[in-house]
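Could you work out the structure for the sequence below:
(2 chains)
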2 protein chains.
Amino acid sequence: MDNPGYRRGSFNSMQSGTSDEDMVEIAGATLDSSMTDDVLPLDRDVSRGHSTFNGEGLNGSSKMMDFLEEPIPGVGTYEDFNTIDWVREKSKDRDRHREIANKSKESTWALLQSVSDAFSGWLLMLLIGLMAGSLAGLIDISAHWMTDLKEGVCLSGFWFNHEHCCWTSNETTFIERDKCPQWRSWAELIVGQPDGAFAYIVNYLMYVIWALLFSFLAVSLVRSFAPYACGSGIPEIKTILSGFIIRGYLGKWTLVIKTITLVLAVSSGLSLGKEGPLVHVACCCGNILCHLFTKYSKNEAKRREVLSAAAAAGVSVAFGAPIGGVLFSLEEVSYYFPLKTLWRSFFAALVAAFTLRSINPFGNSRLVLFYVEFHAPWHLLELIPFIMLGIFGGLWGAFFIRTNIAWCRRRKTTKLGRYPVLEVLVVTAITAIIAFPNDYTRISTSELISELFNDCGLLDSSKLCDYINDNTTKTTDDRAAGPNVYTAMWQLALALIFKIFITIITFGMKVPSGLFIPSLAVGAIAGRLLGIGMEQLAYYHHDWVIFKGWCSPGADCITPGLYAMVGAAACLGGVTRMTVSLVVIMFELTGGLEYIVPLMAAAMTSKWVADAIGREGIYDAHIRLNGYPFLEAKEEFTHKTLAMDVMRPRRNDPPLTVLTQDGLKVEDVETLINETTYSGFPVVVSRESQRLVGFVLKRDLVISIENARKRQDGIVSSSDIYFTEHIPPQPPSSPATLKLRKVMDLSPFTVTDHTAMEIVVDIFRKLGLRQCLVTHNGRLLGIITKKDILKHMAQVVNQDPDSILFN
Amino acid sequence: MDNPGYRRGSFNSMQSGTSDEDMVEIAGATLDSSMTDDVLPLDRDVSRGHSTFNGEGLNGSSKMMDFLEEPIPGVGTYEDFNTIDWVREKSKDRDRHREIANKSKESTWALLQSVSDAFSGWLLMLLIGLMAGSLAGLIDISAHWMTDLKEGVCLSGFWFNHEHCCWTSNETTFIERDKCPQWRSWAELIVGQPDGAFAYIVNYLMYVIWALLFSFLAVSLVRSFAPYACGSGIPEIKTILSGFIIRGYLGKWTLVIKTITLVLAVSSGLSLGKEGPLVHVACCCGNILCHLFTKYSKNEAKRREVLSAAAAAGVSVAFGAPIGGVLFSLEEVSYYFPLKTLWRSFFAALVAAFTLRSINPFGNSRLVLFYVEFHAPWHLLELIPFIMLGIFGGLWGAFFIRTNIAWCRRRKTTKLGRYPVLEVLVVTAITAIIAFPNDYTRISTSELISELFNDCGLLDSSKLCDYINDNTTKTTDDRAAGPNVYTAMWQLALALIFKIFITIITFGMKVPSGLFIPSLAVGAIAGRLLGIGMEQLAYYHHDWVIFKGWCSPGADCITPGLYAMVGAAACLGGVTRMTVSLVVIMFELTGGLEYIVPLMAAAMTSKWVADAIGREGIYDAHIRLNGYPFLEAKEEFTHKTLAMDVMRPRRNDPPLTVLTQDGLKVEDVETLINETTYSGFPVVVSRESQRLVGFVLKRDLVISIENARKRQDGIVSSSDIYFTEHIPPQPPSSPATLKLRKVMDLSPFTVTDHTAMEIVVDIFRKLGLRQCLVTHNGRLLGIITKKDILKHMAQVVNQDPDSILFN
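This next block holds a predicted model:
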């Protein structure tokens, strides 16, 4: 538990805070509603307002003699599964900054502190970059080694992977590398037979056994030590960045377990990638490193700026694309992204990328995951197949989201969800058994994508490059495909179908699993198939009108690798609905502006097609599935409702529970606190006028009353409570009065009842509010919380409003 | 005049709208305060609130029988030099969108319309990209030709530039290209002498004469036809994008004249660039093309989204850097930049870049302005000189901003400003006379930068590449500098001093002038000088500790071109305070991630150094100089004032002028309108309670009363005006009542008097408000407008609050 203030509350409702040990299964989404109600006492109605205590200092009139001179401990922190108040957090940070700036004029030491404070953000970014880069390198190296371990072992040292093992024999191309003497397959090692049916079966068995072992380890570790380590983590990170609190989600245990299990999961051959989880890992690094600087550890808003940058660093190391990473963080993940953060994110992303490169996990000094170099330009007419790939990507994306969400919902609601270990083992077994016989599914998915993106050179020994050379041309293009190419196409088609279906049931299991690589693989296979088709069509039909002029015999006209790349972009776009960041990541892979136009055409088409079928990307769909309170900034609220339709109390409900600024006794307030579940109360001038004075949080009330009862003489149940500035003279016989103006927020946000909801939603989004009071002609009428808005938004699109679980 | 509603007002204050013909000299900033008061009747107090009329429809209760069934013409438009209300504009667009979406279910035709509406944004982006790219190509070609015209003419056709002219002779390298027989210098042509002192003088004279002619034409055209065409335009575009209206600033005349005069100004050899003005040109294209689609032409907020994208397209064609352009628009220019706009901007930027490339103005199929390819990697120790360049860049940036602003202020306040033509001619003459004798200032600045960035090859004939070849090494590196290099260094040093001082007085003159190229040139010269120095140091002192290990003899260790590039980035960063966009633009020039780290180090240092001296970039400084109402989104408001300190009426002023919801006669309201200068009034329940009901604009009141007097029977001066929902029964003898609830904004924004100003500023920025009402305990107390905030912000930093001219 981070803050000691949690357990201070004297009333029963304060006692049920969630601790790390409770381990609510967020990502697994097994929260049923009864459990939620137990765990989250504050999920009804408002919780916390923004208290701008700083508002007091300047105007001398409001300086009160008060027993609360020092800030009350516990105020300003949040409970688990609650939304932060951005306005308050930013105010707090500005106060802190002002204080340091004022002090800095006093002494050199304070000036140095102020300078170090200013640079602490950069230092933090540097550390995040170094840590994220190193971890990514570690993960790459381990996953590479363990993936190869499924096939065999190196005699010169079991810690070498296949490629390193064969370093000396110089035959590291795709097919030929099997011929390295140091590297022994399991069949060779166990039964001494390098070939034959029996050896094949032994290899097959060992492959399946290793896969099962890895995935069993992965799921067991996740289950036992860090349930938050499962999944890709991006939906949760999006929610956290929007201001939600999930304690432990970015903690050190999650980091350790996610790093280990990610390697295991990737090595087990499941249809998942490490890119999404790397974002989670980087965010864990960011969150942990925040503890080094109080500026970031004590302020939830500042911490989220750091997490945005960490997310950028995560994508940067995942693809070796720093600019793409920053844009991904901006476009897809972040909620509040000031320009200062953009610049810092870029720095963190660069440091991470260069750290990874100096570790050099791929052994080729390349920064990017899939390095591609194409030689031929593309023709304008090729936009037609590229757009077709875009349509395919959009359809696949929409199909994937629907089926995956349906499957995940089934997992939540049926018995399936109760046996996560069994589920993982069964899926691993199916994957391994189907994958082994097919060359293109046996290798790791990133190797597959790499090969598909590759432009065939003359010396390439891959089956995909088995073109018939008539020895007259020395170019690599415009050749007839050999028989191996056709075999490869069959195998690829089977691999495509397999990948499509296995990914649907894989994503969402209780192991770390990213979506980028499987989506890219599906698209790359489809693209390569179409590319080879186009190429052969052009070869055999040079005289067709569409090929005339640019596909003359011997000319360099169609690059199947480019089609694979475009297809990959389209599929990834269809699933995630990324736009600019997708194109920029892909651009950074090729490094040439030349191919941006095909990528853009495919990404645009894919997004349009997918959006026409369903508006949500996979991450948003998972956020909704889990009922997180996420107010999507991209989606416009288009309904014509007014604030009065959404606010509570509803038309026939009893009026809003309010406090009056005077005339209340301590016991009245205590009764109110005990009898209601609201976590905050508006304060009005009088019940008759209903004119709003301020807003006070239940927790602050509780703590202040308790404090006063303990420390201040004469505070009893019949003491008067005043929220006013000046207290009328009391008769000497009456008990001491309790002044609580200081714990009241004097500047609550208000809107009128006639305000259109689209404006209210805008205000909530842009200012990061938790609640807003509704007035009519200057009288307080009701209250709207973030949860009310989300419920309302669910209602207007005919969804279940109770799917929103948290506040 | 765009809207006919302007002249409808019956009261005198409505008659003084500004028309295009008035041509207030904004960019020239010769607005004195008396003039401002005449032109801008609404610059005191509030003008316009946001009217969410749509709020009415849903709740049946508020459906009134009203004489105003159709929307009143003239409502919802803005006057010149006023700020728009983003909330209202966005509401309007959502209404429009809702209407189209509802209709689309009715018929196929309406569905088609809805689809075409959805795609009109993309079509618009396509058109902007095409137009901006074409214009940029045109400008490049013309400027190239006219620059060469100063030196000579082509005999095979006067319309050829030097390079095209010598196309056949194949000697297009920098020095040798003078030897082409078709190309005649003016001396050869006029006096028949290719060499000698006399020929030199003739060439010199012709150079100066052409320069004077070009600049005279440029300044005359600007003065006579489009005063808005002068300057870089970026400060004004920033202001416009933040919601200000300057009619004609992005009009067709400005476009035509700016395009022509930009070519003239660049060709005249003045120390200015075409990059900033290209952004203005692209924004003009965007604005003009908006007229094709009512969706964009009728909505100021939507139009600004288009302008943001157009700005991206402008930078994209200026540097051939589409991603950098988008980031520039995001970071530097735009105010409201939703993600949808990011994606569209990227599209527009790409289309523009590819249009430019297909025009191929440089004749080398290159997209980028300065194509650079470096061969040697850089060493970690080189970060020290790179950071030194960063410091230089920061110092130069801060120095430039201070002196340039001081000079511009002098131009505004002294006689200097009265003779803009003379000023331009004198500066041109000085520039031409000093520039001609020095090889490095005679050529166009972009050629100079190109040469400085260049990595010396073995065959380079440039003086800067005159290294001593000892014939033993075949590499280009680690050679002693020849005598020509030292001459070049002297000339470059002189050029540096010249550029530094001439740019200060050039930027801000009455011709189109960009800052990018001169800043880049200053940095590139400084960088190249340092680079050559380092290189020779390393050559002669291989054994020094710092060079040991990476600068062994014959090794490839220091690339002076890279230093030039880093220096250029540092200087541009110091002047404009760009960060990510700067690095990305530079990255797109080289295309390799390798050199991002040096660029980043220099850009970071430069920004820190410059920020330590003065917070503002050049564009913000010019915005402040001209008194535009620009609420900087990057700068934090750090003072501890409260809303009550900023609101009006001030402490001892008479109370706020308000209307009551009932009990007012038509004549009372008319008197109030005539006697005050406010452009809007809050409506309260009663004077005693001061409970806020809504906010009504003066113009709406005026139009409605006039309308009613004309069309509705029985409306006389003694008629009652009601803002209430229901009207009490009237005695039969009384005159007809006037119901005005419909023109009242029922959801004005309010804050309490205790709200910290930092929060108020945040609300204004993020929601794009024009004014906000201040309440205390539910009673209306005062009002805060955008201008009040800007004045207050000027005050707290001890600036003249009256420097804020507009509202």
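
Please tell me I have it right and A:Phe681 contacts A:Leu664.
No. Taking contacts as CB atoms under 8 Å, A:Phe681 lies outside contact range of A:Leu664: 10.7 Å. Placement of C-beta: from N, CA and C, glycine included.

List the backbone torsions phi and psi for A:Lys274.
Dihedral pair for A:Lys274: phi -100, psi 0, per degrees, to the nearest 10.

which residues touch the nearest residue to it once chain neighbours are set aside?
Using CB to CB, 6 or more residues apart in numbering or on different chains and skipping the chain neighbours, the partner closest in space to A:Lys274 is A:Val266 (5.2 Å). Applying CB atoms under 8 Å, 6 or more residues apart in numbering or on different chains to A:Val266 gives the contacts A:139, A:143, A:146-147, A:272-274, A:444.

Just the pLDDT for A:Ser107.
Among the per-residue scores, A:Ser107 holds a pLDDT of 87.

Kindly apply the preceding question to A:Leu767 instead.
pLDDT, read off for A:Leu767, is 87.

With adjacent residues omitted, what lies nearest to it?
A:Val87 (5.8 Å).

Number of residues surrounding the one you found?
26 (other CB atoms under 10 Å in any protein chain shown).

For my notes, confirm it occurs in a strand.
No. Applying DSSP: H, G, I helix; E, B strand; the rest coil, one finds A:Val87 to be helix, outside a strand.

ok, it touching B:Ile763?
No. Assessed by CB under 8 Å, A:Val87 is found out of contact with B:Ile763, at 9.2 Å.

Please identify every residue contacting each of these two.
Shared contacts of A:Val87 and B:Ile763 (CB under 8 Å, 6+ apart): A:Leu767.

Off-centre distance for stretch A:628-643?
How far stretch A:628-643 lies from its chain's middle: 20 Å, per CA atoms, centre = their mean, to the nearest Å.

Alpha carbons only: can I get that stretch in CSV?
C-alpha atoms of stretch A:628-643 as CSV (Å, rounded to 0.1, in the frame of the first residue of the first chain):
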residue,chain,number,x,y,z
TYR,A,628,-12.7,0.4,-17.6
PRO,A,629,-13.7,4.0,-17.3
PHE,A,630,-12.1,5.2,-20.5
LEU,A,631,-13.4,8.4,-22.2
GLU,A,632,-12.3,7.9,-25.8
ALA,A,633,-10.8,11.2,-27.1
LYS,A,634,-11.1,10.2,-30.7
GLU,A,635,-14.7,9.3,-30.8
GLU,A,636,-17.1,12.3,-31.1
PHE,A,637,-20.2,12.3,-28.9
THR,A,638,-23.0,12.8,-31.4
HIS,A,639,-26.2,12.6,-29.4
LYS,A,640,-28.4,15.5,-28.6
THR,A,641,-28.9,15.0,-24.9
LEU,A,642,-28.6,17.7,-22.3
ALA,A,643,-26.8,17.7,-19.0
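
is chain B contacted by that stretch?
Yes. Residues of stretch A:628-643 contacting chain B under CB under 8 Å from any CB of the partner chain: A:633-634, A:636, A:638, A:640-643.

buried sites along that stretch?
Neighbour-count burial for stretch A:628-643 flags A:628-632, A:636-637, A:639-643 (criterion: 16 or more other CB atoms under 10 Å in any protein chain shown).

about what we covered before: could you redo the contacts of A:Val266 as a markdown table and give each row pLDDT and secondary structure?
As requested, the contacts of A:Val266 are exported to a markdown table (pLDDT from 0 to 100; DSSP: H, G, I helix; E, B strand; the rest coil):
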| residue | pLDDT | secondary structure |
| --- | --- | --- |
| A:Ile139 | 93 | helix |
| A:Ala143 | 91 | helix |
| A:Met146 | 91 | helix |
| A:Thr147 | 90 | helix |
| A:Leu272 | 91 | coil |
| A:Gly273 | 88 | strand |
| A:Lys274 | 89 | coil |
| A:Ser444 | 86 | coil |
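
Dump those into JSON lines; add distance to B:Glu99 as well.
Shown next, in JSON lines, are those (distance: CB to CB, whole Å):
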{"residue": "A:Ile139", "distance to B:Glu99": "52"}
{"residue": "A:Ala143", "distance to B:Glu99": "54"}
{"residue": "A:Met146", "distance to B:Glu99": "59"}
{"residue": "A:Thr147", "distance to B:Glu99": "57"}
{"residue": "A:Leu272", "distance to B:Glu99": "45"}
{"residue": "A:Gly273", "distance to B:Glu99": "44"}
{"residue": "A:Lys274", "distance to B:Glu99": "47"}
{"residue": "A:Ser444", "distance to B:Glu99": "53"}
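
which one of those residues sits closest to B:Val279?
A:Gly273 (40.0 Å; CB to CB).

Tell me what the closest one is bridged to.
A:Gly514 (DSSP bridges).

Enumerate every residue touching it.
Taking CB under 8 Å, 6+ apart as the test, what A:Gly273 contacts is A:266, A:445-446, A:513-518, A:520.

Point me to the helix or strand that includes the residue nearest to A:Lys274.
Secondary structure assignment for A:Val266, by DSSP states H and E: helix A:252-267.

Now find how far off-centre that helix is within its chain.
Offset of helix A:252-267 from its chain centre (CA atoms, centre = their mean): 16 Å.
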